[in-house]
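**Student:** let me see the structure of the following:
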Amino acid sequence: MSVLWNLSQAITWISTRSNDAVTEAPDEVLILKLIGLNNSAIPDAERELWRALQTGELQATGICNDGERRVIPSERWRDLRPILHGSYEALEPRPYAGKSFLDVVVLSAVVRKQWPASPPKGKRGPKPKVDFDEFELEVHRWLTENGMPDPQLDPNSRQADLERHMSEFHNDTIGESRNRVLVTDAIASYMSRYKGL
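**Tutor:** Residues are numbered from 1 along each chain as shown. Next up is the predicted model:
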């Protein structure tokens, strides 16, 4: 088990207390929230983690705008939110003012101590119904079939078509509508990766 966890892994541990789930957790908090939309334990765990970071019970470090890794002061956590920028996620203050942080990590031992392996009853919540790999495969299938949306080359080709398709895909496979913002952010992250290939 790694000494350092990203925030997605910490949230996964708090919500599941499962080493396997932590190992499979995505790197981005927003992707974790997307694949766990049906799991009420994930937003609860995110709130618990943010509260511990705000009170100083837990410390995190991140790479600042100047490229140096620093401890993120507890008072900063009140305004920090994860934002996807293409293929990476940053923590930025909202409204934007001051430093953003990349590659934010916490000590896994401290997280495990604060949230022991036996969670309180009723904290587990249902297993996420959305398969992260299935989502990416469907995005890849759509891009292979329809090409990368590029309005400059084809005015009828829009990213909104892919977003609408993925929302419908989740509606069909899960039986309920998806959060549009999270779907959009996830697709933007995947498209950035494919453009780089």
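**Student:** report the buried residues of the one helix or strand Ala45 maps to.
**Tutor:** For Ala45, the enclosing helix or strand under DSSP states H and E is helix 41-55. Of the residues in helix 41-55, 41-42, 45-46, 48-50, 52-53 count as buried by neighbour count, 16 or more other Cβ atoms under 10 Å. In this view, the C-beta of every residue, glycine as well, is placed from N, C-alpha and C.
**Student:** list of residues touching stretch 102-110?
**Tutor:** 1-7, 9-10, 13, 58-63, 69, 72, 88, 90-91 (Cβ atoms under 8 Å, 6 or more residues apart in numbering).
**Student:** now the helix or strand that comes right after the helix holding Ala45 - C-alpha only, PDB.
**Tutor:** Proceeding N to C from helix 41-55, the next assigned helix or strand is strand 60-63, under DSSP H and E. This file holds the C-alpha atoms of strand 60-63, laid out as PDB (Å, rounded to 0.1, in the frame of the first residue of the first chain):
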ATOM      1  CA  ALA A  60      -2.000  17.700   2.500                       C
ATOM      2  CA  THR A  61       0.800  18.900   0.300                       C
ATOM      3  CA  GLY A  62       0.500  20.100  -3.300                       C
ATOM      4  CA  ILE A  63       2.700  21.500  -6.000                       C
END
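**Student:** which element follows strand 60-63 toward the C-terminus?
**Tutor:** strand 69-71.
**Student:** what helices or strands is that following strand leaning on?
**Tutor:** strand 60-63 (3 or more Cβ pairs under 8 Å, 6 or more residues apart in numbering; DSSP states H and E).
**Student:** who does the strand it packs on pair up with?
**Tutor:** If you go by DSSP bridges, strand 60-63 pairs up with strand 69-71 (antiparallel), strand 101-107 (antiparallel).
**Student:** all strands of the chain, in order?
**Tutor:** Applying DSSP state E to the chain gives strands spanning 4-6, 60-63, 69-71, 80-85, 88-93, 101-107.
**Student:** okay, and for this structure, where does confidence drop off?
**Tutor:** 1, 37, 85-87, 95-98, 119-133, 136, 150-158, 170-197 (pLDDT under 70).
**Student:** could you check how far the closest residue to Ser74 other than its chain neighbours is from Leu4?
**Tutor:** Residue nearest to Ser74 in three dimensions, not counting chain neighbours: Gly56, with 4.1 Å by Cβ to Cβ, 6 or more residues apart in numbering. Noted for Gly56: a distance of 19 Å to Leu4, by Cβ to Cβ, to the nearest Å.
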